[in-house]
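**Q** give the three-dimensional model of this entry:
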Amino acid sequence: MMDWNGYRGELLGRVGEFGKMSPDTIRGVVALDTAGDKANLLGAKTRELIALAVAVTTRCDGCIAVHSKAALEHGATREEIAEALGVAVALNAGAALTYSARVLDAVAVLPQK
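**A** This next block holds a predicted model:
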């Protein structure tokens with residue numbers, strides 16, 4: 001099992017180093033990450049649950065480390081996180097199904113033996 005707290009700390013340290021070399025990049029990422037705060041139509045907890053589902057579908061360990069902590073800090077329960085992850089699982093299954101249809105389409109135009 002991964003040490004998520006240790007990983008998060010190491011990751012944020014490296015991001016801080018990167019930020020010193022490329023501060024405009026970090027400012028841009030922070031602006032994107034906090035853009036929803038202004039309108040706040042979904043609320044921080046919902047945005048973090050969405051972020052966790054997206055983190056799973058994009059396979060981003062850093063996103064999982066950062067947004068799991070943030071989701072809990074914004075009041076998400078383990079059950080709500082599990083429901084959001086269920087959406088990610090369904091989307092990945094849906095994507096596999098969609099791409100399966102694409103394979104069948106690609107195979108349909110090939111000569112058959």
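**Q** which helix or strand lies directly C-terminal to the helix or strand hosting Lys38?
**A** Counting by DSSP states H and E, the element that carries Lys38 is helix 23-39. Going down the chain from helix 23-39, the next helix or strand is helix 44-58, by DSSP H and E.
**Q** just checking, what packs against the next helix-or-strand element following that next one?
**A** Following helix 44-58 in sequence order, the next helix or strand is helix 61-73 (DSSP H and E). Here helix 61-73 touches helix 4-21, helix 44-58, helix 78-108, going by 3 or more Cβ pairs under 8 Å, 6 or more residues apart in numbering; DSSP states H and E. Using the backbone N, CA and C atoms, a C-beta is placed for each residue, glycine as well.
**Q** and helix 61-73 with helix 44-58, angle?
**A** Here the directions of helix 61-73 and helix 44-58 differ by 160 degrees (axes from the mean of the first three to the mean of the last three Cα atoms, to 10 degrees).
**Q** can you give me the buried ones in helix 61-73?
**A** Using 16 or more other Cβ atoms under 10 Å as the test for burial, helix 61-73 gives Cys63, Ile64, Ala65, Val66, His67, Ser68, Ala70, Ala71.
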